[in-house]
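Enquirer: Turn this into a model:
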Amino acid sequence: MRFFDKDEKGAITELPNDDAFSDALNGKGELEKEFKLDLASDMRQLLGALKQDGSLKKLGIDDPDAVAKDLEAQLGNLDDTEGLGERFDEYIKELEDKLEAQGLRMDRLTNMDDDDFENDFEFLDQPIAKPKTRRPVPQIPTEMWTYNQRRRLSRLNAILERVDKQLRLREAITAKTVQSVWKAYNLARQTLAKGWANVPQEVWDLLWAILSVEDAVNPSRFAFLSLLARDMSEAKVALNPSQQLITMEALFVDGFEAKAIDNWKRCMSTLGDSGSDTFQEFWELGVRMSCQAEDLAERAINKLLERQLDPRILMPYIRTCAAQPTDEMQEKAWNAYRRMRDLLGESMGLEDYDQGTVDLRGVTQLPSSIGNKFFFGKWLKRLIGAGDLDGAHSVFQFMCSRGIQPASIQINGLIGAWQRSGGADDLQKADKLAWDMVRARIRFVEARRRLAGLEGGAYTKDAKTSSIYEADPMPKATLETFSLLAENYRVRRLQKPMEDLWVAFREAEISPDAFMLNQLMESHSQFGDIDEAQELYRSLVHDRGVKPDPYTFMALWKMIGVNRLQILSEDRAAGEIRLTRETFAETVRFAHVFKGQSLDGQLARKMLHTFRRLKDNLGLVVAMRALRAVFGYVPPEVLGLEMVIGTTNLAWDTATARQKLRLAKRKIDKWVEDRQKQLGRPVRTMDEMTPEERGQEMMEYLESEYLPAARSVEADLADVAREMGVYDIVKAY
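Expert: Numbers count the residues shown, from 1 in each chain. The predicted structure is shown next:
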């Protein structure tokens, strides 16, 4: 078996034997190189210091680099651990003797501890005193990794094992230890990120214990912990309260001030609870971060204003200071506000005033500048637009408590926003508030009715009369309020609330519109109350003069039995045909509501399919002619194919369905070609025609399909046209 190794530059070399492969796997060559470089570097630093104070001249040494290189050469390789130790001791002893002869000591090398050599893998394996207590050493499993990945993990495991023993022996962690652990962990992070779940909890705890030692030996403590906390979060490892606090501070110090403060605020109810063990540490951290953040904010604002940028940058700072209870912070907020006002000058608009802070505590009567529905209305609009519905509701309640009646249109916006959110609590709030407005409207109507009856109906609207109208701060329901409730009840299929709403609607004496009519009709239709829906249409449209819209007629056509029922009994067919023809007559009677917009294709499709499904061929032909004459509508090719095949849903997913479509298309094309030949026209395919021409040809084809071959057909068509209210139109056609 042959082994290969890749160096840092990507060069691949073949390894001579199994021992070389084992050394490469354990990173021995790299560690040996690092060991020599570190040792030589330390020697250069020490000898450089001796050179500065003139000690080396006494030994006849002029070049410290030469001494360091000589030491590196004499140490040789790391294969023989005992030999390495002996050679190193001999060299140090020789140098010590020379220095002591001159009255000097090499304390730096004499006191050098094991941590200075911990990057040496062989040195890490040397035995040290065993701890009194035995427990498993925190290690990362390496079985599932590749050879190259194991090298870094093995190195990290070895260093962790060494440091774990030191901790159990209560040995102090040095700066070199922290740097070594961090370096090994940082090199292994990319590998570990591919499988965070493989890192045991004990390893995380050990890493945290090492990297969180105090700043004296760990100046990069917060930077290390910030990254380690993010890794633990990626690994789904829960941080204990103490670790959470350190992480917040680390984020803040590492430059993520906003995120740190946001995390701190989120933990107020847990870490900052009066019964929490971290109560004092938590709030002390909050004070430190707030003070530092304030200083940063002031410096940042001054930097921006020095460049004459928009003074409105002061607004967040004003709100932050104003939220603090101390007099000092209130004074800062006021000074910042005055500064912004001076800088803005005449360009300061209503929006800027609206963002200001007003202390309303203990005030029984609001200033006229803000104690009006227009000021609060702008506030409500912004809160609703920002999605702060609870805040908007609080403003509404505050207005009512101060006797300020909000505008109905703004509260309707809040009701609609609650309904769109879809939550059970929000729907309940929307219903309650809307019905409060409905009852306010009914109270208003009753009061108006009572006043109208005073002195035979003759009264003057004095201050007392006005107070009866305006004393109730609850806004009165409008047509929009009823429409919101009606649509919501229809979508949720709530029959009883819809019935109650209709009763209240009549008591409120509000003129209905087409939207309200459509919602009520759709609701009745959903629950099968067709007679009630049709009676509602006649009452509102014909008796009360409500103008329908195109959606009203779509609702009417949906209510026809053949469009609601799977199977229509034969004894009902005649009645349904009569109802269908009457509905068509009603649609044509209100053709003016479609002016300015073309007839909706889905509505026309619904009409023609209704006649087809009832097998009312004469009615179908009359309807097509009337639609063309009144609305300029001709059936498109797809609708024609649906009518020929006899379906409302063309299917393409099976061979049989595709064959039906091909045959129907071929039949239509053949009929069009034959007709053109009979009329002496140039033969053109349907694809070569304009959309209008294709529609005309499709209409002619459908008439030929549905008109019976009888002599009295024209007389029958005339009778049907009279019944459908389009006799004059069909006659002219």
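
Enquirer: Please report how far residue 528 lies from residue 590.
Expert: Plainly put, residue 528 is 26 Å away from residue 590 if you go by Cβ to Cβ, to the nearest Å. In short, each C-beta sits where N, CA and C put it, glycine included.

Enquirer: likewise residue 431?
Expert: 34 Å.

Enquirer: These two: which has the busier surroundings?
Expert: residue 431 (18 against 15; other Cβ atoms under 10 Å).

Enquirer: Assess the claim that that one and residue 481 are in contact.
Expert: No - using Cβ atoms under 8 Å, residue 431 is not in contact with residue 481; the gap is 11.4 Å.

Enquirer: Give me the common contacts of the two.
Expert: Common contacts of residue 431 and residue 481, defined by Cβ atoms under 8 Å, 6 or more residues apart in numbering, are absent altogether.

Enquirer: so where is the stretch 351-500 of the chain shaky, pLDDT-wise?
Expert: 351-373, 375, 453-472 (pLDDT under 70).

Enquirer: Secondary structure element holding residue 599?
Expert: Assigned by DSSP states H and E, residue 599 falls within no helix or strand.

Enquirer: Quick check on it: phi, psi?
Expert: phi -60, psi 130 (degrees, to the nearest 10).

Enquirer: measure it to residue 631 for me?
Expert: 4 Å.

Enquirer: now residue 221
Expert: On the measure of Cβ to Cβ, residue 221 and residue 631 end up 79 Å apart.

Enquirer: try residue 670
Expert: Taking Cβ to Cβ, one finds residue 670 at 30 Å from residue 631.

Enquirer: So between these two, which is more surrounded?
Expert: Neighbours per residue (other Cβ under 10 Å) separate residue 670 from residue 631, with residue 631 holding more: 18 against 10.

Enquirer: so what's the more buried one up against?
Expert: With Cβ under 8 Å, 6+ apart, residue 631 has these contacts: 591, 594, 598-599, 604.

Enquirer: ok, these vs residue 409, which is closest?
Expert: Nearest to residue 409 among the contacts of residue 631: residue 594, at 29.3 Å, using Cβ to Cβ.

Enquirer: Quick one: residues contacting that closest one.
Expert: Contacts of residue 594 by Cβ under 8 Å, 6+ apart are 550, 631.

Enquirer: show me where pLDDT drops low in the stretch 201-350 of the chain?
Expert: In the stretch 201-350 of the chain, residues with pLDDT under 70: 287-288, 290-304, 307, 309, 313, 323-325, 345-350.

Enquirer: which residues of this protein fall in strands?
Expert: Listed in chain order, the strands of the chain (DSSP state E) span residues 3-6, 12-15.

Enquirer: rank the ones you listed by mean pLDDT and give me the bottom one.
Expert: Looking at the strands of the chain, the lowest mean pLDDT belongs to strand 3-6 (a mean of 61).

Enquirer: can you give me the helices for the stretch 601-733 of the chain?
Expert: 601-613, 617-626, 637-645, 655-678, 691-706, 713-723, 727-732 (DSSP state H, counting those that start in this stretch).

Enquirer: okay if I get the ones you listed as TSV plus mean pLDDT?
Expert: Shown next, in TSV, are the helices of the stretch 601-733 of the chain (pLDDT from 0 to 100):
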stretch	mean pLDDT
helix 601-613	92
helix 617-626	92
helix 637-645	87
helix 655-678	86
helix 691-706	86
helix 713-723	88
helix 727-732	78
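
Enquirer: closest to residue 553 out of those helices?
Expert: Per Cβ to Cβ, nearest to residue 553 of the helices of the stretch 601-733 of the chain: helix 601-613, 6.4 Å.

Enquirer: I figured residue 683 hits residue 673, correct?
Expert: Yes - using Cβ under 8 Å, residue 683 is in contact with residue 673, at 5.5 Å.

Enquirer: Compare those two and say which is more crowded by neighbours.
Expert: More crowded of residue 683 and residue 673, by other Cβ under 10 Å: residue 673, with 14 against 11.

Enquirer: Against residue 657, how distant is that one?
Expert: For residue 673, the distance to residue 657 - Cβ to Cβ - is 25 Å.

Enquirer: what's the answer for residue 342, then?
Expert: 77 Å.

Enquirer: how many other residues sit next to residue 570?
Expert: 6.

Enquirer: what's the distance between it and residue 576?
Expert: For residue 570, the distance to residue 576 - Cβ to Cβ - is 11 Å.

Enquirer: contacting residues around residue 209?
Expert: Contacts of residue 209 (Cβ under 8 Å, 6+ apart): residue 167.

Enquirer: these two touch, right, residue 661 and residue 655?
Expert: No - if you go by Cβ under 8 Å, residue 661 and residue 655 don't touch, sitting 10.9 Å apart.

Enquirer: what about these two, which has more around it?
Expert: residue 661 (16 against 7).

Enquirer: if I pick that one, what's in contact with it?
Expert: 641, 645, 650, 652.

Enquirer: Give me the phi and psi angles of the last one.
Expert: Residue 652 adopts backbone torsions of phi -120, psi 0, taken as degrees, to the nearest 10.

Enquirer: Retrieve the pLDDT associated with it.
Expert: 74.

Enquirer: That one and residue 662 touch, don't they?
Expert: No - the pair formed by residue 652 and residue 662 falls short of the contact definition of Cβ under 8 Å, at 11.0 Å.
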